[in-house]
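Peer 1: Here's my sequence, what's the structure:
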Amino acid sequence: MVKISIFDYGAGNIFSLKSSLQRNGAEEVSVTNDLDSDSSIDDLDGIVLPGVGNFDPAIISINKCKSGFSKFIEKNTPILGICLGMEMLFEKSEEGKLAGLDIIKGEVLSLPKKLVKIPHIGWNCLEITSKDSKLFEGVPNRSWVYFVHSYYTMPKNSDIITSKSNYGINIPASIEINNIYCTQFHPEKSSTVGEKMIKNFVKICKRSK
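Peer 2: Alright, predicted model coming up:
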């Protein structure tokens, strides 16, 4: 049985993500705001950081259980960060004043207001740059996925970028590093292509058991 927990920053609107995980092989999906006490390190097979909310409030929420979250990182529990969930793993963000989790070196920048409409809401094409991506296994290059964001990540190590997309500028659309899988887009809103990615993440969690 694959058990996955979604971390709730308090912003709500995570029903579609929970439903997608359940449709694609996760037998037990919980929602928690306390990774210190609500979850057992040995019991969970994966964690999802959803893409809903704002940077500083999300950082405040997860900092309350940072020691528990750190243990999942150390244990190599698979983690899927979506949009904001991706951004908060970096050192800092132009969206907020607080420091990020500093798990991935780099920063989060605002999309260029002089070039594009912000926020970026809609479908964009993926250029998959990694042949070894576990999240994109079976996903065709040039697939279309759904974005809702005003910021984008800029990792110091470009080797961890597994896909790019263009919205006025080329932005990293996904990254993979160790046990961490992140997308700037929302796979749970990206039709059959996104469902395939969710299914791949559930498989990753199953293999890590």
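
Peer 1: Would you pull up how far the longest strand along the chain lies from the middle of the chain?
Peer 2: Across the chain, the longest stretch assigned as strand under DSSP state E is strand 169-177. The chain centre lies 11 Å from the centre of strand 169-177; the measure is Cα atoms, centre = their mean, to the nearest Å.

Peer 1: hmm, who's touching the helix or strand just after that strand?
Peer 2: Following strand 169-177 in sequence order, the next helix or strand is strand 180-183 (DSSP states H and E). Where contact means Cβ atoms under 8 Å, 6 or more residues apart in numbering, the residues beyond strand 180-183 that reach it are 78-83, 85-86, 89, 103-104, 134-135, 145, 153, 173-176, 197, 201, 204. Placement of C-beta: from N, CA and C, glycine included.

Peer 1: measure stretch 178-197 end to end?
Peer 2: 17 Å (Cα to Cα, to the nearest Å).

Peer 1: Now do the same for Ser16: helix, strand or coil?
Peer 2: helix (DSSP: H, G, I helix; E, B strand; the rest coil).

Peer 1: for it, what are its contacts?
Peer 2: 188-189.

Peer 1: Repeat that for Val148.
Peer 2: By Cβ under 8 Å, 6+ apart, the neighbours of Val148 are 51, 83, 119-121, 186, 189.

Peer 1: Just send those residues back as JSON lines, with neighbour count too.
Peer 2: Below are the contacts of Val148 laid out as JSON lines (neighbours: other Cβ atoms under 10 Å):
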{"residue": "Gly51", "neighbour count": "26"}
{"residue": "Cys83", "neighbour count": "23"}
{"residue": "Pro119", "neighbour count": "12"}
{"residue": "His120", "neighbour count": "20"}
{"residue": "Ile121", "neighbour count": "11"}
{"residue": "His186", "neighbour count": "21"}
{"residue": "Lys189", "neighbour count": "17"}
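
Peer 1: In strands, which of those appear?
Peer 2: 120-121.

Peer 1: Inside helices: which ones of the contacts of strand 180-183?
Peer 2: Counting by DSSP state H, the part of the contacts of strand 180-183 found in helices is 85-86, 197, 201, 204.

Peer 1: filter those to the buried ones?
Peer 2: Among the ones in helices among the contacts of strand 180-183, the ones that count as buried by 16 or more other Cβ atoms under 10 Å are 85-86, 197, 201, 204.

Peer 1: Now pLDDT too, for these, in TSV please.
Peer 2: TSV is the format used below for those (pLDDT from 0 to 100):
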residue	pLDDT
Gly85	96
Met86	98
Met197	98
Phe201	98
Ile204	98
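
Peer 1: Now flag whichever of the residues you listed is closest to Asn166.
Peer 2: Met86 (17.9 Å; Cβ to Cβ).

Peer 1: check contacts around that closest one.
Peer 2: Applying Cβ under 8 Å, 6+ apart, one finds that Met86 lies in contact with 49, 51, 153, 175, 182-184.
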